[in-house]
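Asker: Pasted the sequence and its predicted model underneath.
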Amino acid sequence: MKIVVLGAGSWGTALAIGAASNAPARHRVTLWARDAAQAASLQAQRVNARYLPGIALPDSLGVRAGPVGAAVAGQDLVIIATPMSGLRDLLSQLKTCATPVTWLCKGFEAARAQSFGLLAHEVRAQVAPDLIAGALSGPSFAMEVARGQPTALVAASEHASVRDALVEAFHSSALRVYVNEDVTGVEVGGAVKNVLAIATGLCDGLGLGLNARAALITRGLAEMTRLGVALGARPDTFMGLSGLGDLVLTATGDLSRNRRVGLLLAQGRTLKQAVDSLGHVAEGVYCARTVVQRAALLGVDMPIAQGVVALLDGQLKPDAAVAALMGREPTHEQL
Ligand SMILES: NC(=O)C1=CN([C@@H]2O[C@H](COP(=O)(O)OP(=O)(O)OC[C@H]3O[C@@H](n4cnc5c(N)ncnc54)[C@H](OP(=O)(O)O)[C@@H]3O)[C@@H](O)[C@H]2O)C=CC1
Ligand SMILES: O=C(CO)COP(=O)(O)O
């Protein structure tokens, strides 16, 4: 296959490396960067020193910049590998594209003048309704995928052609790709787990213990499922790779940028200091408010996500956020 990956951050670069080098397929892959200087540097050094240091780009991986239309021409699959903040612009540039398109971003878009924050497929419905598209998600730290360590992903789309293209592109000796038609469920899992990873980072940074972490993960999964079902998702999706799988990975794995934000806040850093020190996107910081707003509109209770928002907004200190969660009225586990 001919595959173009739009966005040369850590995840786009790792997946491009995987598709170009994993047996048996070894596709013809091009990595596109919005910045011509970055593309030139990738080409010259054959390493993405800023976003994926120490991992060589395979010789067969092409690198380019320039107009998006030229980059996607003649390709069999287009992957959008930017954060949520870049999705709308790229989708609008791709709206007449006949090739399957897939996004990797995990979050809700920031609220706009006339709409609350949207999931990726809702953005697509607004700006590129005719696109044949879907999402690729699941528990996958970029560095492990780039090193060829075993990983399982989920390809979500209502279009069989998109699901099939993603399996053909990425299923390999190192990557298993499962399929799912429940795009809403897969996207809600990917977005909410980032918010919950901030909470577990904070919990671990404060030394609250392993019991507390297990409780946060389990009750966080209940929150994620409630929101997803209210948005039209299937409950069983949340027991899969993009739900429980990615929540466990991100909430417990120190490679997570969202978890690191929580750890840094627990050390007394300000949110700005924490975010600036990452050098990468931490989507949970940007979408926590939207998660809580959309939940409120639907009458869904999300106390952990609300606690994260209060903390990020500076309304509560970490110990007060913990006290607020522990001080809630007793309730049934299945509510
Ligand atoms: N890293 C990971 O392990 C995983 C990440 N994800 C998700 O993938 C998405 C991307 O994450 P990741 O690669 O880690 O992020 P990084 O912070 O590592 O890189 C972001 C990349 O996106 C580029 N970019 C930002 N805005 C735009 C835009 N408007 N148009 C074009 N390019 C843009 C940046 O370019 P520039 O350098 O020019 O700013 C940079 O190359 C996120 O939503 C994340 O949650 C999903 C699974 C795993
Ligand atoms: O989505 C991810 C792993 O599946 C990456 O998580 P972070 O963005 O928190 O690093």
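Answerer: All right, it came through fine. Ligands and ions are numbered 1, 2, ... in the order given.

Asker: So which bits of the stretch 51-200 of the chain are right by ligand 1?
Answerer: The stretch 51-200 of the chain comes close to ligand 1 at residues 51, 81-86, 89, 104-107, 140-142, as judged by C-beta under 6 Å from any ligand atom. All C-beta spots, glycine's among them, are computed from the backbone N, C-alpha and C.

Asker: let's see it at 8 Å
Answerer: 51-52, 81-86, 89-90, 104-107, 137-138, 140-143, 145, 190, 194 (C-beta under 8 Å from any ligand atom).

Asker: Of those residues, which ones also sit close to ligand 2?
Answerer: Among those, ligand 2 is touched by 106, 137-138, 140-142, 190, 194 when using C-beta under 8 Å from any ligand atom.

Asker: Dump those into TSV; add neighbour count, secondary structure and pLDDT as well.
Answerer: Converted to TSV, these look like this (neighbours: other C-beta atoms under 10 Å; DSSP: H, G, I helix; E, B strand; the rest coil; pLDDT from 0 to 100):
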residue	neighbour count	secondary structure	pLDDT
Lys106	29	coil	98
Ser137	31	strand	98
Gly138	27	coil	98
Ser140	25	coil	98
Phe141	20	coil	98
Ala142	24	helix	98
Gly190	29	helix	98
Asn194	30	helix	98
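
Asker: Now whichever residue of the stretch 1-150 of the chain sits closest to ligand 1. Its backbone dihedrals?
Answerer: Closest to ligand 1 within the stretch 1-150 of the chain is Gly9: 1.9 Å, counting by C-beta to the nearest ligand atom. Here is the backbone geometry of Gly9 (degrees, to the nearest 10): phi -90, psi -160.

Asker: Now it: closest residue in space, sequence neighbours ignored.
Answerer: Using C-beta to C-beta, 6 or more residues apart in numbering and skipping residues adjacent in sequence, the residue nearest Gly9 is Tyr51, 4.8 Å away.

Asker: re the thing from before, residues touching the residue of the stretch 1-150 of the chain closest to ligand 1, list them.
Answerer: 51, 81-83, 280-281 (C-beta atoms under 8 Å, 6 or more residues apart in numbering).

Asker: hmm, back to that, these two touch, right, the residue nearest to Gly9 and Ile17?
Answerer: No - when contacts are counted by C-beta atoms under 8 Å, Tyr51 is not listed as touching Ile17 (11.7 Å).
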